[in-house]
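> Got a sequence here, can you model it:
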Amino acid sequence: MKVIVSLLLFLAGAGCVVYSYVGSLIAFAGDVRRAADQGDGFGAFAKVADFLLAGEVPRLTSFLYVGVLLIAIAVVNLIVRSKPNDRRDPL
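Numbering: from 1, shown residues only. So this is what the prediction gives:
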């Protein structure tokens, strides 16, 4: 049971991290679209060029931190042993 819970926590954490990057790219695409819809083609191109030259992908930090926290909890849950008088099933 401990392994299943840890695996589910890890998957939830990985999902949060992926959502962090995908959500930020969707927000970036919406920002570029708004700039292009306002007739500012050069501004939209400048945003894309700045994004490509920055060398890093923006991210939604709250989801990123929650995902890393869930992954850390999953790892700690696997490492920590139950007490000998614990009534739970060890697996």
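
> hey, let's count contacts and neighbours off CA atoms from now on
Noted.

> What average pLDDT does the longest helix seen in the chain get?
Criterion DSSP state H: the longest helix present in the chain is helix 2-37. What helix 2-37 shows for mean pLDDT is 90.

> Against which helices or strands is that helix packed?
helix 41-54, helix 61-79 (3 or more CA pairs under 8 Å, 6 or more residues apart in numbering; DSSP states H and E).

> Tell me which of those helices sits nearest to residue 5.
helix 61-79 (7.6 Å; CA to CA).

> quick one: contacts of that closest one?
For helix 61-79, the external contacting residues (CA atoms under 8 Å, 6 or more residues apart in numbering) are 2-3, 5-7, 9-17, 19-20.

> what about that helix, average pLDDT?
pLDDT averaged over helix 61-79 gives 91.

> Repeat that for stretch 41-57.
83.

> buried set for that stretch?
44, 47 (16 or more other CA atoms under 10 Å).

> so how far is that stretch from its chain's centroid?
With CA atoms, centre = their mean, to the nearest Å as the basis, stretch 41-57 stands 22 Å off its chain's centre.

> End to end on stretch 47-67, go ahead and measure it.
Terminal residues of stretch 47-67 are spaced 28 Å apart (CA to CA, to the nearest Å).

> if we can go back for a sec, now the helices and strands packed on helix 2-37 in TSV, with distance to residue 27?
Output for those, formatted as TSV (distance: least, CA to CA, whole Å):
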stretch	distance to residue 27
helix 41-54	13
helix 61-79	13
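
> For residue 24, which of the ones you listed is the nearest?
Residue 24 lies closest to helix 61-79 among those, at 9.4 Å (CA to CA).
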